[in-house]
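**Q** When you get a sec, could you give me coordinates for this:
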Amino acid sequence: MILYGDYHTHTKYSRHGHGKGSVLENASSALNKGLKQIAITDHGFNHIYYGVRRRDMSQVKDDILNAREVTGVDILLGVEANLISQMGDIDIKESDFEFLDILLMGHHTLVKTNSLDDTFKLTLANLFGSPYAPSKERLSRNTTSFLRAIDKYPIDIITHLNYGAPTDTLAVARLAKEKGVLIELNGKRINFTDRELLIMAEEGVKFIVDSDAHTPQRVGECNNAINTIFRLGLPISQIVNIDKLPKFSAKRG
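**A** The predicted structure follows:
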């Protein structure tokens, strides 16, 4: 079983030291580990502290072109967008698709939302609410927000689903399957029960294994996800970046 690509990696463009390395360092690490492809997916623009700045994206693109030439690794330019409203809005503008090869989306704290109500109900309610026993109202609100985002935007990957914002996992996964969106098996954390994973697999949901690396050394390090695949016997045919390269729907126009 060979991991062909890692599509969730951060660099120094995730500001204030949140990402530690350069694009070239991430690509060099990928090369040393035998990866054929990676994506640079720094935190979305509305992350108050860690978000990549739009004005830096042209430099990120230049860094990618240089790293491709130096390492020979195919590198995609993306962003890990943030959910910023209960209506399913994320911090991506139509003009951003001119430079994006891949679009990831997940829930994060310290994010500028669309309204004070969104801040209270998406950010603060999840920050201070129980991750294990969410109220029905919060679970429904989170789930609906994710479903609206998946329906509204050409998202390629939902990152670390249920981390920081519990949802009806199966409802989100079923719509993701319908829309061709991949559910991430995160190299650091998997916030699904075994039962949820097995049901998703039985229903044909497609998964992607990613490291969520914030240092170059972590690129391609996905043992947590791979061990889960082996332990549960998840079908390798449904893991899009094991033994093959995935196809993304970016440039969706």
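
**Q** which stretches of the stretch 101-250 of the chain form helices?
**A** 116-118, 125-128, 136-152, 169-179, 194-202, 223-232 (DSSP state H, counting those that start in this stretch).

**Q** Of all the ones you listed, which one is nearest N241?
**A** Smallest distance to N241 across the helices of the stretch 101-250 of the chain (C-beta to C-beta): 10.5 Å, for helix 223-232. The C-beta positions use only the backbone N, C-alpha and C, and glycine is treated the same way.

**Q** CA atoms only for the closest one, dumped as PDB, please.
**A** In PDB, the C-alpha atoms belonging to helix 223-232 read as follows (Å, rounded to 0.1, in the frame of the first residue of the first chain):
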ATOM      1  CA  ASN A 223       0.000   6.600  10.300                       C
ATOM      2  CA  ASN A 224      -3.100   7.400  12.400                       C
ATOM      3  CA  ALA A 225      -5.300   7.300   9.300                       C
ATOM      4  CA  ILE A 226      -3.500   4.300   7.700                       C
ATOM      5  CA  ASN A 227      -3.700   2.300  10.900                       C
ATOM      6  CA  THR A 228      -7.500   3.000  11.100                       C
ATOM      7  CA  ILE A 229      -7.900   1.800   7.500                       C
ATOM      8  CA  PHE A 230      -6.100  -1.500   8.300                       C
ATOM      9  CA  ARG A 231      -7.900  -2.000  11.600                       C
ATOM     10  CA  LEU A 232     -11.400  -1.600  10.100                       C
END
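
**Q** which residues are contacting it?
**A** 1, 3, 185-190, 194, 197-198, 201, 209-210, 234, 236, 239, 242 (C-beta atoms under 8 Å, 6 or more residues apart in numbering).

**Q** 10 Å instead, please
**A** Defining contact as C-beta atoms under 10 Å, 6 or more residues apart in numbering, one finds that helix 223-232 is touched by 1, 3, 184-190, 192, 194-195, 197-198, 201, 207-212, 222, 234-236, 238-239, 242.

**Q** can you count the residues close to Q59?
**A** 12 (other C-beta atoms under 10 Å).

**Q** Can I take it that it is in a helix?
**A** Yes: the assignment for Q59, made by DSSP: H, G, I helix; E, B strand; the rest coil, places it in a helix.

**Q** Run through the residues that contact V60.
**A** 11-13, 23, 40, 42, 52-53, 77-79, 99.

**Q** V240 too?
**A** By C-beta under 10 Å, 6+ apart, the contact set of V240 is 4-5, 7, 157, 182, 206-209, 246-248.

**Q** Which residue lies nearest the spatial centre of the protein?
**A** For the chain, the residue nearest the mean C-alpha position is T159 (3.2 Å; C-alpha atoms, centre = their mean).

**Q** My understanding was that it contacts E184; is that so?
**A** Yes: with contact defined as C-beta atoms under 10 Å, T159 reaches E184; the gap is 5.0 Å.

**Q** Name the residues contacting each of the two.
**A** Listed as contacting both T159 and E184 by C-beta under 10 Å, 6+ apart are 7-8, 104, 106, 208, 210, 212.

**Q** what would these look like in TSV with neighbour count, pLDDT and distance to T228?
**A** Below are those laid out as TSV (neighbours: other C-beta atoms under 10 Å; pLDDT from 0 to 100; distance: C-beta to C-beta, whole Å):
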residue	neighbour count	pLDDT	distance to T228
Y7	27	98	17
H8	28	98	16
L104	26	98	20
G106	27	97	18
I208	27	98	13
D210	29	97	13
D212	25	96	14
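
**Q** tell me which of the residues you listed is nearest to D117?
**A** G106 (20.8 Å).

**Q** Return the distance of that closest one relative to N241.
**A** 18 Å (C-beta to C-beta, to the nearest Å).
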